[in-house]
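Q: build the 3D model from these lines:
(chains A, B, C, D and E, ligands or ions: 4)
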Amino acid sequence: MSGYQTGIIVLLALNTIAAYGVYLPMSAGQLNLGIAGFMAIGAYAAAYLTNACGWPPSAAIGAGGATAAILAFAVAMPMLRTQGIYLSLATFALGQVISAIFLNLDIVGGAAGYPVATHIEASVVVSAATLVVSLVWLMSTTRLTVYFAAVKNDPLVADLLGLNVKALGVAALTVGAGIAGVGGALYAHYFNYIEAQYFGVMLSTYTVLYVLLGGTQSVWGPLVGAAIFTLVPEALRSSSQWRYAIFALFIIVFMALRPQGLLTRGLSRQRTQARAQSGSTNS
Amino acid sequence: MTMLLSIQSLCKTFGGLEVVRDLSFDVPDGTATALIGPNGAGKTTVFNLISGVYPVTSGSIRMCGVDIVDLPSRHRIGRGIARSFQNIRLIPRLSVIDNLLIGQHVKLKRPLDVLRPFRFARDHEWIRAAKAELSAFGLSQYDDEPVGLLPYGVRKRVDLIRATLSSPSLLMLDEPAAGLNASETRELHRHLDILRERGTTLLIIEHDMHFIRSICEQIVVLNFGCKIAEGPFDQVRTDQQVSEAYLGTERAT
Amino acid sequence: MISQQIVNGFMLGGVYVMIAVAFTLAIGVLNFLNFSIPGIFMIAGMVSWAALRGGQHWPIAFGIALAASAAVGVAVYLLTYRPSSDSDPDVPLVSSLGFLVLLENLIILWLGSDQQSFPALIVDFNWRFGSIIIGGAQLLSLVLSLAFVIALSLSLRFTNLGRQVRAIAENRRTATILGVNVGSVVSRLFVLSALFTGIGGILFAISYLQVSSSMGESIGFKGISAMIIGGMGNIWGAVAGGLLIGLVEILSTQFLGADFVNISVYGLLLALLIAKPEGLFGPVAAREKL
Amino acid sequence: MSELILKAESLSACYGRVEALSDVSLQVARGEIVTVVGANGAGKSTLLQSILGAVSPKAGKLTFAGQDITRWPIYRRIEEGLVLVPEGRRILVSMTIEENLLLGAHMRRDKIAVRREIGGIYDRFPNLAQRRNHNASCLSGGEQQMLALGRALLAKPQLLMMDEPSLGLSPLFVQRLFELIQAYNREGLSILLIEQNTANALRIAHRATVLELGRVALEGDAASVAGSTGLQEAYLGGTSREVMEVDHKRKSVGRRS
Amino acid sequence: HDDEELVIGLAMSNTGTFVSVANANEIAVDMAADEINRAGGINGMPIRIVKFDTGGDPKQAVLAVEQFARDKRALAVVGPFSSSEARVAFSAGERLGIVQMSMSSSAPGVAAPFKYAFRNTVDEGLVIEIVLKAMRAKNLIMGKAAIAYATDDAVSKAVGTAVLPEALVKVAVPVSGFVDFPYKAFDMSAQVSRLAQLKPDIVGVGAPPEAMINLAKEMKRQGVDVRLFAGTTVGDPDLPIRFGGAGEGTIIGSPFYSDLNDAVRTFAKSFAKRAEVAKIGRTVPNQTDISSYDIVYLYAEAMKRAGVTGEPSKIAAERTAIRDELRKMKEYPALGGKITFRENGDAIKPIYVLEAKGGRWTLFDQLTAD
Ligand SMILES: Nc1ncnc2c1ncn2[C@@H]1O[C@H](COP(=O)(O)OP(=O)(O)OP(=O)(O)O)[C@@H](O)[C@H]1O
Ligand SMILES: Nc1ncnc2c1ncn2[C@@H]1O[C@H](COP(=O)(O)OP(=O)(O)OP(=O)(O)O)[C@@H](O)[C@H]1O
Ligand SMILES: [Mg+2]
Ligand SMILES: [Mg+2]
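A: Ligands and ions are numbered 1, 2, ... in the order given. Predicted coordinates for the structure are as follows:
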């Protein structure tokens, strides 16, 4: 495989992992706009462990994910007092605070960034992404997905049916953060240098875009979305200057024509939407 | 006869407005009780208080002798209280089976079991139970249909089955026959008969008097949040106050 | 000197208020988190700069800029809000973000990514009271926002049009069935919000004598935060939130250093949201009736 | 019979590929009560929605008060006095009861008359008067139904279309509702009514149309329809399961085409 | 016929954040390549430039060097542009064994950990020392200094917190205080109000041009009339115009001065011609354009000295040979002045001290660091 192709596949793998970090909370009704903050935590924690404590990269990457998950778990309870757009903004604020803290944390280089000594091969990143996708897929075959859907669509009824809405919300946020943390840690060890500025709002926003573009109705949506976001700009490389403008136009037109995202659950389900809409407003 | 549910001096105010006032009534085990009254009398509010949607202002709600007013709403289904909703509250995008799975959550023994990928186990007991219940009520053909696509009457029944799948001892139904045509109402009737045979206690809000009369032994009538009458249908029907406030002159029987 | 810093804080807050109010119009009123607003803010600034550079007289330049803002507003309405009638509320968010990216890239292609110097229309547009200096354009934007907010909140509460708008915000289909001319009301609202945002962009350019293709972004996020702090849909909340953020930003620059600006502004936002999940002035969310 | 207020000719409507109405014609004369009956899913609501314009018909022609309104947007039809009390109430729960009523009259300029009429509505529905400045979300099911009716009346309808207005109302109130409908009708309001409570609907209606699987199965004056066997078949005869089976067949036909 | 060409990669930043500063680098590189090929190429072979637009994104910069090294058989790479890109791309280049030379990165020590990484830019510390020496030599009033810098950018922060304080100590000017701001700050009112309290005679700036312009404008608005000085971070031929009447008398150090000599003026003229055709919106070269142009010549010289053939079988050895030749190179006469590489991969070259006067740069002094 050519160097270019390998590079693209790594980018795709990293974007996919991030997308699943957003997808999980989203399936439970949380639009996480602070995913970059959790990626930063995973990246810095893992980098610190390999650099300063001499951990092997695989252990450090796992620990990076765990650190992000633990932080998410710690903040989830107070954060989930908020809902909807307020929750999105709370996650957004958290992401900003996290990246501002890393910007000032001198043991990991502060504004100058943090070089990471150990390099991992492309194959490691790709295997990790495969693992994440398989795990999320496995999860989609458990009851948990149905529970998340219930919490997202009708938290009050979910509560009356005995679901612990808070706990499910915390779980979704935590697992999503863990996945994002692993993504950040992989990023750090593949590119061997991280800086806090990279983990900004725009990274979070784009990651959310991958998921919404791919569609939230299917587990494969985030994968497809990440693939579009990685590959289409590359395909437009020949039109160099115009490529981002063309790509943005593509997103707008695409969403206008297919608002439910690219992947929906088959054609028959497409009608569900129209019906479901009128059903929910009628009743 | 033992009392499954016993409500004493229940009050609820919303911002100074007294919606339920000093209400007391009992639901004996194994019976069907109707809660009727004019629009805005507070019937749905009573359901909401029993299932814990709102905290009570004062009074007690005893389930099998235990006061549950301080029990968080999500634990009440575990005590055997399940309900359907006046406006159907199913998740339109999920299939019928998936909606029914949520209703069985109380049956979960160990919390970690939620992580078992049951879709591989085609005949998981929950799925089996859901399918059995659907076919018992003649709805098996809708197993995998997204709920949003189903006709109103079928959705109402799925909502009902979701509530029964938690094997409740007390099933509260809020206007189950509203919006159903005559034949659908007959089917609903059969459905409820089966549930009664199984020993489920029913508490029903309904405006269809034929329906109430043929199902419920006991009627509780509310007006402005107060109980104005109580007893078997034929006794309540002749009550002066009930006629004036609720049934009207041209009675629906 | 602290008094000068407080004045600085309110002046900066005035900029955020403009954007926060524009966002409130979109989300509080139409239930649509319109990310193209920072883009429109930028378009107004850049277009008026380009027109001035092209030798136009300033009223004409500003007219062109406002026309461009309104046109973008209409385009956003047609391409993001309208097609999304029956889908997730997240969808228009995505395509309005697409608009932000598109606008920025088009402007970069046309005028470059450099920050440009905006000419001073009035040599020294400042008021001095003793040692205190107040920026005239900033003060103007604050006054304008306030006037707009008063007019808007009154009309939303008490006029027919206001009720129609609120009906649309709650449920577009129902509003249609009740005979609300959704297309016309909403497109007027988009134009209004775009014009207001455009005026914000122009006033920004006049106050800070600078425009750039990225001028909308950071202000945009502060504007959203201001709106949220105040409580969504509460227009006065947007004003209070904007001023508060401006003040916190300036004071933390003075006393803690620029490193801490983001930590204190967003930390405050986070703390406020956790303490009061519905924002400072938002209504307390009651449990829904079944 | 007097002049027609509504004339629908050969309406057809689809959801995606599923045809919900095919070739339905219907007429309402001024001052008349017409009722449409049929099983669940027969297309009654779709018919009203098509007449209002909320569902755009695939084919057919609509004439209202002598004007061809087939291509008119909804708001123009409502301005002309073609008003719907929609299925499922569709109350705006974020607004107060009074605001909901005012919204019903949003196209009217005669502010004083509107105020007076709102007062009239409050007299009719005291439950609403009590809570006029509360959010409509707190209303009980029946109260919401009253609000929906009041809101529609404030639009000054010439033809009022009602989709199951008695849903969730107490027996006493159902009785009052039908009296009310007749009263308004006597004042000159034309009415197109859909009811599950068929007996009552047929009792007060002048004429009736029976819909079956999106087609007109029978029409005529109310008394003869009430007595016909066609009604028994279309509306009371089939169990809902059978209806669904037909429904399914129709869907698969739709898919094939 | 790949074998008969010597391939050089260009990791350019034609889209994204840096486009305005970087979009003419391509023109400068093409110019250099054309000139070399017209003069007969190197070792009898023409050079060919392969290009990759990174959009200023570090991940894309890695993609670029991967592609150049593994797919395009490039012998060396011009770029990447920014420090953020350089940091990740240099470490990839080290693994791939291919030389990269950045035309713009100036954060401290970015190339230092790597053997294959170079930067045709001068260390900020040296530049600022030169600027202060020149100011001292011309007897400007320098009683007290204040420092203003951007905190969220590696270069600016290093300049503000380390480089400027040290350099001011060397010329014995006391520092009365610091003000800081974000890289993309538009509102400088708080900072300037603080500067007014500090009452300095000069203000050293570690910031990108935009922030410095905003600072100068706000100083003018608040009536704080103090001379600014800075290193190469604010290098921009148009800065005096962009000040829009503020910032008069600002002094900076730059590796490039457009009015230096005939060679530079000739370069600027043919650059302008090409830029006109390319419609990129400007015609005056900036310091990164000159730097890119010089990098091609530096590579050409190193290839000549190493006698590279471009044969696929020898490519690894030849890439390393280019690196070694660059390291050995002494005072190579490039367009911007004589270039030598230091141990840490950064260039030593002349610095021109410029003063903003009446909307243009004027030469204040010329010195070489050593
Ligand atoms: N959350 C609330 N806030 C304020 N008032 C409420 C709330 N919930 C109910 N009410 C009021 O309490 C009264 C009783 O409402 P409830 O829904 O219990 O009536 P109901 O008996 O179920 O009537 P219906 O038969 O029409 O459904 C109504 O007048 C309603 O307006
Ligand atoms: N939004 C929709 N999308 C797809 N199919 C629909 C939609 N609305 C209705 N249908 C289908 O169109 C047919 C007619 O529906 P309609 O609601 O008009 O029936 P109805 O006679 O009003 O029934 P009900 O008595 O239940 O109100 C049904 O088969 C229904 O499933
Ligand atoms: Mg009720
Ligand atoms: Mg219907």
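Q: I figured E:Leu260 hits E:Leu354, correct?
A: No - because the distance of 10.9 Å does not satisfy CB atoms under 8 Å, E:Leu260 is recorded as not touching E:Leu354. Where you see a C-beta, it was placed from the backbone N, CA and C, and this is true even at glycine.
Q: among the two, which residue is more densely surrounded?
A: Set E:Leu260 next to E:Leu354 and count neighbours by other CB atoms under 10 Å in any protein chain shown: E:Leu354 wins out with 27 against 17.
Q: mind checking what secondary structure the more buried one has?
A: The three-state assignment at E:Leu354 reads strand, by DSSP: H, G, I helix; E, B strand; the rest coil.
Q: so the nearest residue to it once chain neighbours are set aside, which state does it fall into?
A: Counting by CB to CB, 6 or more residues apart in numbering or on different chains, E:Trp361 is the residue found nearest to E:Leu354 once chain neighbours are left out, at 4.2 Å. Remark: E:Trp361 carries the secondary structure label strand [criterion: three-state DSSP].
Q: show me what contacts E:Trp361?
A: Taking CB atoms under 8 Å, 6 or more residues apart in numbering or on different chains as the criterion, E:Trp361 is in contact with E:237, E:239-240, E:254, E:257-258, E:354-355.
Q: kindly report the same for E:Tyr257.
A: E:264, E:352, E:354, E:361, E:363, E:366.
Q: nearest to ligand 4: which residue in chain B?
A: Minimum separation of chain B from ligand 4 (CB to the ion) falls at B:Tyr152, amounting to 7.5 Å.
Q: in strands only, show me the contacts of E:Trp361.
A: When DSSP state E is applied, the contacts of E:Trp361 are split such that E:254, E:354-355 fall in strands.
Q: give me the residue from chain C nearest ligand 4.
A: The nearest approach of chain C to ligand 4 comes at C:Ile177, 13.7 Å away (CB to the ion).
Q: now do the helix or strand harbouring E:Leu164: distance to the chain's middle.
A: Assigned by DSSP states H and E, E:Leu164 falls within helix E:164-170. Relative to the centre of its chain, helix E:164-170 is centred 22 Å away, using CA atoms, centre = their mean, to the nearest Å.
Q: kindly list the main-chain dihedrals of the residue nearest to B:Glu230 when sequence neighbours are not counted?
A: Taking CB to CB, 6+ apart as the measure, B:Glu230 lies nearest to B:Val220, with 5.2 Å between them; neighbours along the chain are not counted. For B:Val220, the backbone dihedrals are phi -120, psi 130 (criterion: degrees, to the nearest 10).
Q: isn't B:Val220 right up against B:Lys227?
A: Yes - proximity of B:Val220 to B:Lys227 meets the contact threshold set by CB under 8 Å, at 6.1 Å.
Q: higher neighbour count, those two?
A: In this comparison of B:Val220 against B:Lys227, neighbours counted by other CB under 10 Å, the higher total goes to B:Val220 at 25 against 18.
Q: as a check, name the ranges of all helices in the stretch 101-250 of chain E.
A: According to DSSP state H, counting those that start in this stretch, the stretch 101-250 of chain E carries its helices in the segments E:124-137, E:154-158, E:164-170, E:189-198, E:209-222, E:239-242.
Q: I'd guessed the residue of chain C closest to ligand 4 sits against D:Ile91; true?
A: No - judged on CB under 8 Å, C:Ile177 makes no contact with D:Ile91 at a distance of 11.8 Å.
Q: wait, is B:Arg128 part of a strand?
A: No - residue assignment for B:Arg128, taken from three-state DSSP, gives helix, which places it outside any strand.
Q: number of nearby residues for it?
A: When neighbours are counted by other CB under 10 Å, B:Arg128 registers 11.
Q: how far away is it from B:Gln104?
A: Using CB to CB, to the nearest Å, we find B:Arg128 at a distance of 11 Å from B:Gln104.
Q: before we move on, the earlier item: bridging residues for the residue nearest to B:Glu230?
A: When bridges are assigned using DSSP bridges, the partners listed for B:Val220 are B:Leu35, B:Glu230.
Q: residues in contact with it?
A: Taking CB under 8 Å, 6+ apart as the contact definition, B:Val220 lies against B:25, B:33-36, B:227, B:229-230.
Q: pLDDT added to those residues, as a markdown table?
A: A markdown table is the format used below for those (pLDDT from 0 to 100):
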| residue | pLDDT |
| --- | --- |
| B:Phe25 | 94 |
| B:Thr33 | 95 |
| B:Ala34 | 95 |
| B:Leu35 | 94 |
| B:Ile36 | 93 |
| B:Lys227 | 93 |
| B:Ala229 | 91 |
| B:Glu230 | 92 |
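Q: how about the nearest residue in space to A:Asp154 that is not next to it in sequence, secondary structure?
A: Using CB to CB, 6+ apart and skipping residues adjacent in sequence, the residue nearest A:Asp154 is B:Arg89, 5.8 Å away. In three-state terms, and counting by three-state DSSP, B:Arg89 is coil.
Q: so B:Arg89 is in contact with A:Val157, correct?
A: Yes - B:Arg89 sits in contact with A:Val157 when judged by CB under 8 Å, with a separation of 4.6 Å.
Q: how's chain D carved up into domains?
A: By the record's domain assignment, chain D is partitioned as D:4-81+D:157-252, D:91-155 (automatic domain parsing).
Q: among those, which comes closest to C:Ala50?
A: domain D:4-81+D:157-252 (39.0 Å; CB to CB).
Q: does ligand 3 have contacts with the closest one?
A: No - contact check for domain D:4-81+D:157-252 against ligand 3, using CB under 5 Å from the ion: none in range, with a minimum separation of 7.1 Å.
Q: so where's the chain uncertain?
A: Since no chain was named, I'll use chain A. Where chain A drops to pLDDT under 70, the residues are A:238-240, A:264-283.
Q: my question was about chain E, not that one.
A: E:1-3, E:367-370.
Q: remind me, longest helix of it?
A: Looking only at chain E and at elements set by DSSP state H, the helix with the highest residue count is helix E:287-306.
Q: for that helix, the distance to its chain's centre please.
A: Put simply, helix E:287-306 sits 14 Å off its chain's centre (CA atoms, centre = their mean).
Q: got the buried residues for that helix?
A: E:287-303, E:306 (16 or more other CB atoms under 10 Å in any protein chain shown).
Q: who does it touch, helix- and strand-wise?
A: Helices and strands in packing contact with helix E:287-306 are listed as strand E:6-12, helix E:25-38, strand E:47-53, strand E:76-78, strand E:99-102, helix E:262-278, helix E:315-328, strand E:332-334; criterion 3 or more CB pairs under 8 Å, 6 or more residues apart in numbering or on different chains; DSSP states H and E.
Q: quick revisit: shared neighbours of B:Val220 and B:Lys227, which are they?
A: Jointly contacting B:Val220 and B:Lys227 under the rule CB under 8 Å, 6+ apart are B:Phe25.
Q: got the buried residues for stretch D:131-146?
A: When burial is assessed from 16+ other CB under 10 Å, stretch D:131-146 yields the following buried residues: D:131, D:134-136, D:138-146.
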